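Undergrad: turn this into a structure:
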Amino acid sequence: MDLNSVGKLLTRIAINYPTFKRNILDSEGKIQKVVAEEWERVIGYLDYDEALERLDEWMYDNEKAPRPMDLRKVKPARKSEEWHCPEPHTWHLEFMMWDTQRMHGRLRDQEEREYVHDPTYEDGYHYNQDGRICTIDGKVVH
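TA: Okay, the predicted model is just below:
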């Protein structure tokens, strides 16, 4: 989205949440440029139609106006459902200098985000003879 699209989105939000206007308008009744720029910084990667869809989803469950971060994240439909990024991951292990046997690596994806298969697992990961990522006891993780 560009600043013009962000302005249209902010206008739509103000229509549905009238008190929102006092947070975005200047003394002349125009949308403050700094507000539009911040919204563009946070959700500018969305296209306008997708932002409207996220606004509609937000309005269905919330009585307060959204913040830019509220429209940024995709949330699961139910709290029990997990959300998983649809992008394919490229997994690799990162080893510390002291780990000369390369048995206690940290599991990371292509954007260097760290993952664990179990939140209580602390032993690290290694590659098996087939190049698969395994836990210390040899169970294949990826």
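
Undergrad: which residue ranges make up each domain of this structure?
TA: Under the assignment named as automatic domain parsing, the residue ranges that make up the domains of the chain are 3-72, 88-142.

Undergrad: mean neighbour count for those - can I get that in a markdown table?
TA: Glycine gets a C-beta too; all of them are placed from N, C-alpha and C. Formatted as a markdown table, the domains of the chain follow (neighbours: other CB atoms under 10 Å):
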| stretch | mean neighbour count |
| --- | --- |
| domain 3-72 | 15 |
| domain 88-142 | 12 |
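
Undergrad: just checking, what packs against the helix or strand of the chain with the lowest mean pLDDT?
TA: Across the helices and strands of the chain, the lowest-confidence element by mean pLDDT, DSSP states H and E is strand 114-115, at a mean of 79. Contact analysis of strand 114-115 by 3 or more CB pairs under 8 Å, 6 or more residues apart in numbering; DSSP states H and E lists strand 106-108 as its packing neighbours.
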